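Novice: Got a predicted structure here, sequence first:
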Amino acid sequence: MTASISESSQPTATTGYDQMLDERWAQVIAVFPDAVRAETTKVREIKPEAWALTIAGCLEEQGFQTIVRVDGGIESPGVPAAQQEALAVAQFVCGAAYPFAEKYSLPLTDAQLSQLYAFWLEESVPCLQSFGLDTPPAPTLAVFLETYESPDMWQPFVGLGSLTGDRYEEVVAACPQAPDDLWD
């Protein structure tokens, strides 16, 4: 599917959705400079917990076998090198069709960060420790808020990187990384 391009002397307003599409397309052409941008249609906005199954279903409709991992990621195994560009375009189309609702793209508020911090302390740390994983000591809430999304940010899931296979899947399934109502 190819996109038709029309030129206009009138400037157009760019929405957050349009900007997101442009940024995602830039990622595609950074790897595949000759890729042709496909026409896209937004079907509906989704919640983060629906992302993997929704995108996997869309990719399957585009002709790519997918596996949804327990950590919420998606794999398309066995895609030959000759099909990697087509897969990248299909991923772009599916992401455009099923974007996250805008509230999931906004920075977390201090109230949301406080909720996340409490969840990690009360739920995630004990869960991870029950599997024998070490978690770094938690800072104060004030330090957590100050360092969030910085290289110094505290998060209890650093031990997951040492796990593989079934053990990784078991821990990820048992220890959610965010409260279900974080964006409510």
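Specialist: Nice, I can see it. Numbering: from 1, shown residues only.
Novice: which ones are touching residue 58?
Specialist: For residue 58, the contact set (C-beta atoms under 8 Å, 6 or more residues apart in numbering) comprises 90, 93-94, 97-98. Every residue, glycine included, has its C-beta placed from N, CA and C.
Novice: Residue 103 versus that one, what's the distance?
Specialist: Separation of residue 58 from residue 103 (C-beta to C-beta, to the nearest Å): 22 Å.
Novice: For the protein, which element, helix or strand, carries the lowest mean pLDDT?
Specialist: Within the chain, confidence by mean pLDDT, DSSP states H and E is lowest for helix 165-174 among all helices and strands, at a mean of 85.
Novice: Counting by contacts, list what that helix packs against.
Specialist: Helix 165-174 makes packing contacts with no helix or strand when contacts are defined by 3 or more C-beta pairs under 8 Å, 6 or more residues apart in numbering; DSSP states H and E.
Novice: what comes into contact with it?
Specialist: 69-71, 127-128, 131, 133, 160, 163.
Novice: can you check stretch 142-160 too?
Specialist: Where contact means C-beta under 8 Å, 6+ apart, the residues beyond stretch 142-160 that reach it are 108, 110, 113-114, 117, 120, 124-125, 128, 133-136, 138-139, 168, 171-172, 175, 177.
Novice: Under the pLDDT cut-off, which ranges of this protein? List them.
Specialist: Scanning the chain for pLDDT under 70 picks out 1-15.
Novice: Contacts for the longest helix belonging to the chain next, please.
Specialist: If you go by DSSP state H, the chain has its longest helix at helix 16-31. For helix 16-31, contacts defined as C-beta under 8 Å, 6+ apart pick out 14, 35, 37, 40, 42, 88-89, 91-92, 95-96, 99, 102, 105.
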